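S.K.: how would this look folded up:
(chains A and B)
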Amino acid sequence: MTSNSHDQDPGENEVTGQPGTFLTRPFAGLGRKVISWVDHMGAATIFFGKACIMIFRPKQIPAIIQQIYYIGAKSITIIMLVGFFTGMVLGLQSYHALVKFGAQGALGTLVALSLVRELGPVLTAIMITARAGSAMTAEIGIQRISEQIDALDTMRIDPLKFLISPRIAAAIISFPLLTALFDLIGILGGFLSGVVLLGVNAGTYFHRVQSSVEMQDVTDGFIKALVFAVIVTTVCCYQGYFTHMRTDSYGAKGVSLSTTSAVVLSCVLILVADYAVTSFLI
Amino acid sequence: METPLIEFKNVTKRFGSRTILDQVNLKIYEGQISTIIGKSGTGKSVLLKHIIGLLAPDEGSVMFRENPIGSLKKSEWDAYRVQVSYMFQNNALFDSMTVYDNVALPLQQTTNLSKTEIERRVMARIEQTELTEVAYKYPSELSGGMQKRVALSRALVTDPTIVLFDEPTTGQDPIRKNAILAMIAEYQRKLGFTAILISHEIPDVFFISNRILALYNGKIVFQGTPEELDEFEHPFKDEVIQSLEGFQEELTGLYSQRHFKVRYQTDLSRKRRDETYAIALFTLEELEAISNVLGHTSAQEIIRALGAYIDKHFGAVGGFSTRHSINEFVTVLPYSDLDEAGRILEDFAKDFQDRGIRDIESVAQKESDSTECINFTILAGLAQGKPFVEMESIIEFAKFRQEEIARFQCELRR
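M.R.: All right, here's what the predicted structure looks like:
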């Protein structure tokens, strides 16, 4: 019986007690992790690239509209809820900080800029990851383990075109729109806590919002939303699509681990990308 | 020598250190039903997935009309893939889509047919597979048998020329198993596609198969007709065939063919050379028409009822029976000469006309709500056997002498 060299444990051939083994083993492990990470990054990039090309194939419009409904329309309630309370708590905290300097009139500026530039895109992306991203991974993962994706292959339907492209297109459309909604509702939340509850002048609040937020701020927020849309859908779809390749678990357990990995990795990458994009745009 | 449609040449496939297919050589011929049999976990599905390109061989090549599919140009590969359809072992239906959408999916995604034309084709397949009432239900709302039929409809909706069936009868009761096999055989006849089946349903699957391929320890150890398999001497036969083939045939409760032959040989060995016995061959005519009108399930119920009736009547006089083909039964009357057997058959025919057909009719009506007319005929023929004459030639003679013993024409019986 022939053995496949790729399946051998790399540590198997190491001679125990060989000088230097004890010291080099952690580096070897780290190296393997890095290679694996780079490997996945490359695969995910190709995965995303291929799926993007497929967006422009025929018969995609109905599927994209359906995904906009799942990713976008069905996230509206949770985005409004989170946006509203984020704005409220921002108004509350900022008021008590600003009042120490007698600058409570700048509440509108602080709430609006914080939301439009930073909190809006980040929190929207994280909320969509939790609601729609996890569902994407689980759904595609189940389709993988129940051979539905193989069935697509046998029917000559490209799984990337059928399953992944509509989700990426829908996310690219939905993320900026939901971010705009989050910003708007957040500003209203800041109004409720700052103006209605804490007594800041309403005219001052809205004047500051209007005068401080420039088009560039809105554009930067949308750029971030687009970057996050790509990250979230690529990570979540990739994790689900290749759930059968996991070496740590199989079947339903594999799908659950893929879903967890997708959510954690998406959230981490959102924050990393947020810093990178911000430093690039400032 | 006929050119094979699909041929495996020294195909080897490994998963890690495990060799699943080891230098496999096989041939599939056009327009036939070829069945791959073997123990569970021996790589039958792996073999099938090589044909459709879901897996590629580590060594060797899979040929389509003498061209290796691994080196086909994209246009040739696409042309090949259009012809192949696959029915998965676990159906692989999209659980978020209705039955209609599942069946329509390949047409919607891979053709430019109009919505009306797609609907016409899909509904035709849905009707053929008796799924009209559940067309807008989800797979989770259906029984296992219905889900199988949805998968079958989906596999056939594109009018493929090669259809791969991965254990299409798994998890079905004997009636449904035989109904699915009969359905495959019927569509294969009507549409003329090449069917490649994986099945454990021995001997039922032999009735519909032109060729049997036996996979054993990663190799194809037998390729030939079901009759040739009888003569095949190999450990495979003891380990696989005999373990899968029960004492009784599942559908009818009659002896399995192998046990029928054992009983036949045993009874024969006790006879002197000048002693005779009789063999009767019964044929249920118009089985396909029954399937078309009442559905495959009802057709199998009728076969089951007929088998039970034959067993009850002839078993009482020491006879024993088996299912000889999809619509034929053979009964051996070891203690009767031709005259006595003739009288027994006359009694049977009279009893069957008086009561048997009514019983079968009620069975059929119970299973089907069709209001259409069905007509069927039962033929029977007798032949005299002698210990030194081959059973098959006696059966052939009985077939030659067959005549109508009962007919059902809607409500009119004669």
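S.K.: From now on I want contacts and neighbour counts done on CA atoms only, so please keep to that.
M.R.: Will do.
S.K.: need the residues of the stretch 1-150 of chain B near chain A, please.
M.R.: Proximity of the stretch 1-150 of chain B to chain A is confined to B:16-19, B:52, B:54, B:81-82, B:84-86, B:88, B:90, B:92-94, B:106, B:109-110 under the rule Cα under 8 Å from any Cα of the partner chain.
S.K.: I would like a ChimeraX command selecting only the buried ones among those residues, please.
M.R.: Selecting only the buried entries of these in ChimeraX, with 16 or more other Cα atoms under 10 Å in any protein chain shown as the criterion:
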select /B:19,52,81,82,84,85,86,88,90,92,93,94,106,109
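S.K.: Name the nearest residue to whatever residue of the stretch 101-250 of chain A ends up closest to chain B, sequence neighbours excluded.
M.R.: Of all residues in the stretch 101-250 of chain A, A:Gln148 sits closest to chain B, at 4.8 Å by Cα to the nearest Cα. Spatial nearest neighbour of A:Gln148, excluding adjacent residues (Cα to Cα, 6 or more residues apart in numbering or on different chains): B:Ala92 at 4.8 Å.
S.K.: What residues does that neighbour make contact with?
M.R.: A:Ser146, A:Glu147, A:Gln148, A:Ala151, B:Ala151 (Cα atoms under 8 Å, 6 or more residues apart in numbering or on different chains).
S.K.: For the residues you listed, work out which two are farthest apart.
M.R.: A:Ser146 and B:Ala151 (13.6 Å; Cα to Cα).
S.K.: Count the neighbours of the closest residue to chain A within the stretch 251-400 of chain B for me.
M.R.: Closest contact between the stretch 251-400 of chain B and chain A, by Cα to the nearest Cα, is at B:His296 (25.9 Å). When neighbours are defined as other Cα atoms under 10 Å in any protein chain shown, B:His296 has 29 of them.
S.K.: So the residue of the stretch 51-200 of chain B found nearest chain A: helix, strand or coil?
M.R.: As assessed by Cα to the nearest Cα, chain A sits closest to B:Ala92 within the stretch 51-200 of chain B, at 4.8 Å. For B:Ala92, the assignment made with DSSP: H, G, I helix; E, B strand; the rest coil gives coil.
S.K.: what about A:Ser146 and B:Ala151, which has more around it?
M.R.: Neighbour totals were compared for A:Ser146 and B:Ala151, and B:Ala151 leads with 25 against 19 (other Cα under 10 Å).
S.K.: Next, give phi and psi for the more buried one.
M.R.: phi -60, psi -40 (degrees, to the nearest 10).
S.K.: Any chance of JSON lines for the contacts of B:Ala92, columns pLDDT and distance to B:Arg211?
M.R.: Compiled in JSON lines, these are given as follows (pLDDT from 0 to 100; distance: Cα to Cα, whole Å):
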{"residue": "A:Ser146", "pLDDT": "90", "distance to B:Arg211": "30"}
{"residue": "A:Glu147", "pLDDT": "90", "distance to B:Arg211": "28"}
{"residue": "A:Gln148", "pLDDT": "93", "distance to B:Arg211": "30"}
{"residue": "A:Ala151", "pLDDT": "91", "distance to B:Arg211": "26"}
{"residue": "B:Ala151", "pLDDT": "91", "distance to B:Arg211": "24"}
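S.K.: Please report the distance of the residue nearest to A:Gln148 from A:Gly254.
M.R.: Between B:Ala92 and A:Gly254 the computed distance is 18 Å (Cα to Cα, to the nearest Å).
S.K.: And A:Cys267, how far from A:Ser261?
M.R.: A:Cys267 is 10 Å from A:Ser261, where distance means Cα to Cα.
S.K.: which of the two has more neighbours?
M.R.: More neighbours surround A:Cys267 than the other of A:Cys267 and A:Ser261, with 22 against 18 (other Cα under 10 Å).
S.K.: in a helix, that's where the more buried one is, yeah?
M.R.: Yes - under three-state DSSP, A:Cys267 falls within a helix.
S.K.: how close does the nearest residue to it once chain neighbours are set aside get to A:Val218?
M.R.: Leaving aside its chain neighbours, A:Cys267 sits nearest to A:Ile126 (6.0 Å; criterion: Cα to Cα, 6+ apart). In this view, A:Ile126 and A:Val218 are 19 Å apart by Cα to Cα.
S.K.: hang on, A:Ala202 packs against A:Val195?
M.R.: Yes - using Cα atoms under 8 Å, A:Ala202 is in contact with A:Val195, at 5.8 Å.
S.K.: So which of these two has more stuff around it?
M.R.: A:Val195 (22 against 16).
S.K.: contacting residues around the more buried one?
M.R.: A:Asn201, A:Ala202, A:Tyr205.
S.K.: Let me know the pLDDT of the second one.
M.R.: In other words, A:Ala202. If you check A:Ala202, the pLDDT there is 91.
S.K.: Run through the chain and note the low-pLDDT ranges.
M.R.: In the absence of a named chain, this looks at chain A. Counting by pLDDT under 70, chain A has low-confidence residues at A:1-20.
S.K.: To clarify, I was referring to chain B.
M.R.: Applying pLDDT under 70 to chain B flags the ranges B:1, B:241-250, B:363-373, B:410-414.
S.K.: which one's the longest helix in it?
M.R.: Longest helix in chain B by number of residues (criterion: DSSP state H): helix B:296-315.
S.K.: list the helices and strands it packs on?
M.R.: Helices and strands touching helix B:296-315, by 3 or more Cα pairs under 8 Å, 6 or more residues apart in numbering or on different chains; DSSP states H and E, are helix B:174-191, helix B:287-294, strand B:320-325, strand B:328-333, helix B:357-367.
S.K.: Mind listing what's buried along the first one?
M.R.: Buried residues in helix B:174-191, defined by neighbour count with 16+ other Cα under 10 Å: B:174-186, B:188.
S.K.: what's that helix in contact with?
M.R.: B:31, B:33, B:145, B:149, B:159, B:168-170, B:194-195, B:204-205, B:208, B:250-251, B:288, B:296-297, B:299-301.
S.K.: Spell out for me which residue occupies the centre of chain A.
M.R.: A:Val232 (3.2 Å; Cα atoms, centre = their mean).
S.K.: Setting the sequence-adjacent residues aside, check what's closest to that residue.
M.R.: A:Ser266 (5.4 Å).
S.K.: for A:Tyr250, same thing?
M.R.: Take A:Tyr250 and drop its neighbours on the chain: the residue closest to it by Cα to Cα, 6+ apart is A:His244, 6.7 Å away.
S.K.: List the contacts of that neighbour.
M.R.: Per Cα under 8 Å, 6+ apart, neighbours of A:His244: A:Gly141, A:Arg144, A:Ile145, A:Tyr250, A:Gly251, A:Gly254.
S.K.: one more time with 7 Å, if that's ok
M.R.: A:Arg144, A:Ile145, A:Tyr250 (Cα atoms under 7 Å, 6 or more residues apart in numbering or on different chains).
S.K.: For the second one, which residues are in contact?
M.R.: The contact partners of A:Ile145, by Cα under 7 Å, 6+ apart, come to A:His244, A:Gly251.
S.K.: Thanks a lot, catch you later.
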